[in-house]
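Novice: Fold the following, please.
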Amino acid sequence: MTGFKDEYARMMQDFMQGVLPTTGFAAAYLDKFKNETRELGEEEFEILDELFGDVDAYTPDTSLIAQNPNFYIDEVQLRERVAMAIAKLK
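Specialist: As a prediction, the model looks like this:
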């Protein structure tokens with residue numbers, strides 16, 4: 001991976017390794033992707049955009065997850081989705 005993919009992959013790996021806490025990762029990822037100015041390839045954009053939706057759907061609030069389990073995801077599910085995104089970017 002090179003350039004922007006390395007930056008996103010590093011952030012994701014830091015999260016997976018516990019360097020970035022979940023809320024810190026979520027805030028950083030949402031901010032980085034929303035403010036991305038570089039042109040992304042279609043495949044990379046789709047991977048990162050899908051993860052954006054997953055990160056946006058993350059909540060530590062179990063009552064929200066119980067109320068709408070088809071939208072909200074917990075930390076375990078977020079980690080699964082991040083792992084899939086990392087694999088897809090390689």
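Novice: Which of the helices or strands spans the closest residue to Glu44 other than its chain neighbours?
Specialist: For Glu44, ignoring the flanking residues on the chain, the nearest one in space by C-beta to C-beta, 6 or more residues apart in numbering is Lys5 at 6.3 Å. C-beta: built from backbone N, CA, C; applies to glycine. Assigned by DSSP states H and E, Lys5 belongs to helix 4-16.
Novice: ditto for Gln77
Specialist: Assigned by DSSP H and E, Gln77 belongs to helix 75-89.
Novice: quick one: buried residues of that helix?
Specialist: For helix 75-89, a neighbour-count test (16 or more other C-beta atoms under 10 Å) marks Leu78, Arg79, Arg81, Val82, Ala85, Ile86, Leu89 as buried.
Novice: One more: stretch 33-43?
Specialist: Phe33, Leu40.
Novice: ok, of the buried residues of helix 75-89, which one's closest to Gln13?
Specialist: Comparing the buried residues of helix 75-89 against Gln13 with C-beta to C-beta places Ile86 closest, at 6.8 Å.
Novice: for that closest one, what are its contacts?
Specialist: By C-beta atoms under 8 Å, 6 or more residues apart in numbering, Ile86 lies in contact with Ala9, Met12, Gln13, Met16.
Novice: Equivalent analysis for Ala85, please.
Specialist: The contact partners of Ala85, by C-beta under 8 Å, 6+ apart, come to Met12, Ile47, Leu48, Glu50, Leu51.
Novice: farthest pair in those?
Specialist: The span of the contacts of Ala85, defined through C-beta to C-beta, is set by Met12 and Glu50 at 12.8 Å.
Novice: Have a look at the two and say which one is more surrounded.
Specialist: For the pair Met12 and Glu50, the greater number of neighbours falls to Met12 (22 against 14), based on other C-beta atoms under 10 Å.
Novice: Tell me how far the helix holding Lys5 lies from the chain's centre.
Specialist: 9 Å (C-alpha atoms, centre = their mean, to the nearest Å).
Novice: tell me which strands and helices that helix is in contact with?
Specialist: Here helix 4-16 touches helix 22-34, helix 42-57, helix 75-89, going by 3 or more C-beta pairs under 8 Å, 6 or more residues apart in numbering; DSSP states H and E.
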